[in-house]
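K.L.:
I would like to see how this sequence folds:
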Amino acid sequence: MAITPHDIAKMLDHSPLQPFLTEDDVRKACELALRYDCASVCCRPCDVPLVAELLRGSDVKTCTVIGFPHGAHETAIKLAEARLALDKGCQELDMVINIGKMLHGDEDYVQEEIRQIAEEAHARGAILKVILETCYLTDAQKARACQLSEAAGADFVKTSTGYGSKGCTIDDLKLMRASVSDRVQVKGSGGIRDLDTVLTARAVGASRCGVSASEKILLEAEKRYAEGTLREIENLKEMSGGY
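P.N.:
Okay, the predicted model is just below:
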């Protein structure tokens with residue numbers, strides 16, 4: 001089935017998260033996201049005021065990360081970080097779970113932390129995406145973390161920060177999609193650098209991808225659209241293992 005480049009753009013959270021980025025880099029990232037009408041700009045917490053200002057009045061959301069990238073902040077700090085981001089105009093929060101607590105089996109801690117931040121986000125009209133950092137979890141732990149996230153009120157489950165030992169895989173996206181109801185969406189992030197990967201992620205049920213290679217991906221989408229070859233992937237037999 002044919003799709004449009006805009007369909008792809010609305011899957012992309014353009015993510016200028018590298019620690020060395022300057023204000024000029026952040027401005028350019030927002031210009032790019034506005035030009036293509038991406039889903040959001042997922043920025044560093046210190047950049048939220050600038051990004052919110054640059055995106056104001058557009059359909060591109062302001063997104064930031066909470067407890068990033070290790071997830072080991074105290075819950076009170078994550079909650080304060082979330083509140084400050086919301087105060088500054090953030091509309092989407094991508095929070096890293098406490099990975100060590102999840103590995104230890106402290107599910108109550110993990111779920112309660114997600115619940116507190118989800119409630120804060122929802123009270124302010126924002127959404128919460130929960131980053132599992134799948135590279136450190138077993139498949140059983142990934143599935144369980146998805147279930148805890150849904151029970152706590154998360155809007156999305158997300159694979160990775162991009163700063164772990166490995167990024168997103170298609171198998172992880174499949175597992176996560178199967179582990180939550182239709183109420184919860186799935187986001188892939190970490191190592192997604194080309195259009196075919198985005199299309200494959202879309203085919204297995206991901207509705208968002210966190211990327212920094214947005215322009216490369218969207219230029220390829222426009223090229224294929226002009227050629228009449230931009231289509232949904234229907235046969236995953238040769239593209240199901242990851243990337």
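K.L.:
can you pull the contacts of Asp13?
P.N.:
Asp13 makes contacts with 38-42, 63, 92, 94, 187, 189, 208-211, as judged by CB atoms under 8 Å, 6 or more residues apart in numbering. (C-beta placed from N, C-alpha, C; glycine too.)
K.L.:
Could you list which of the residues you listed belong to strands?
P.N.:
40-42, 63, 92, 94, 187, 189, 208-211 (DSSP state E).
K.L.:
give me the low-pLDDT residue ranges for the chain?
P.N.:
Scanning the chain for pLDDT under 70 picks out 237-243.
K.L.:
Where do the helices of the protein begin and end?
P.N.:
Under the criterion DSSP state H, the chain contains helices at 5-9, 23-36, 48-55, 75-87, 99-104, 107-123, 139-152, 170-179, 195-203, 214-227.
K.L.:
I'd like to know which of those helices is closest to Glu234.
P.N.:
When the helices of the chain are compared by CB to CB, helix 195-203 sits nearest Glu234, at 7.3 Å.
K.L.:
Relative to Gly71, how far out is Lys166?
P.N.:
16 Å (CB to CB, to the nearest Å).
K.L.:
These two: which is more packed in?
P.N.:
More neighbours surround Gly71 than the other of Lys166 and Gly71, with 24 against 15 (other CB atoms under 10 Å).
K.L.:
and that one, how far is that from Ser40?
P.N.:
In terms of CB to CB, Gly71 sits 20 Å off from Ser40.
K.L.:
again, but for Ala9
P.N.:
11 Å.
K.L.:
And these two? Which one has more around it.
P.N.:
Shown here are Ala9 and Ser40; by other CB under 10 Å, Ser40 has more neighbours (27 against 21).
K.L.:
How about Ser179: what's its closest non-neighbour residue?
P.N.:
Nearest residue to Ser179 in three dimensions, chain neighbours excluded: Cys146, at 3.7 Å (CB to CB, 6 or more residues apart in numbering).
K.L.:
what about the one you found, how many residues close to it?
P.N.:
For Cys146, the neighbour count with other CB under 10 Å is 23.
K.L.:
do Ala178 as well
P.N.:
Applying other CB under 10 Å, we find 12 residues neighbouring Ala178.
K.L.:
can you tell me which residues contact Glu232?
P.N.:
Residues near Glu232 by CB under 8 Å, 6+ apart: 1-3, 199, 202-203.
K.L.:
Could you dump these into a markdown table and include neighbour count and distance to Tyr225?
P.N.:
Shown next, in a markdown table, are these (neighbours: other CB atoms under 10 Å; distance: CB to CB, whole Å):
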| residue | neighbour count | distance to Tyr225 |
| --- | --- | --- |
| Met1 | 6 | 13 |
| Ala2 | 11 | 8 |
| Ile3 | 16 | 8 |
| Leu199 | 20 | 12 |
| Arg202 | 20 | 15 |
| Ala203 | 18 | 17 |
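K.L.:
what's the most distant pair in those?
P.N.:
Going by CB to CB, the pair spanning these furthest: Ala2 and Ala203, at 14.2 Å.
K.L.:
of all the ones in strands among the contacts of Asp13, which comes closest to Arg115?
P.N.:
For the ones in strands among the contacts of Asp13, the nearest to Arg115 is Asp94 (16.5 Å; CB to CB).
K.L.:
Since that was my last question, I'll sign off now.
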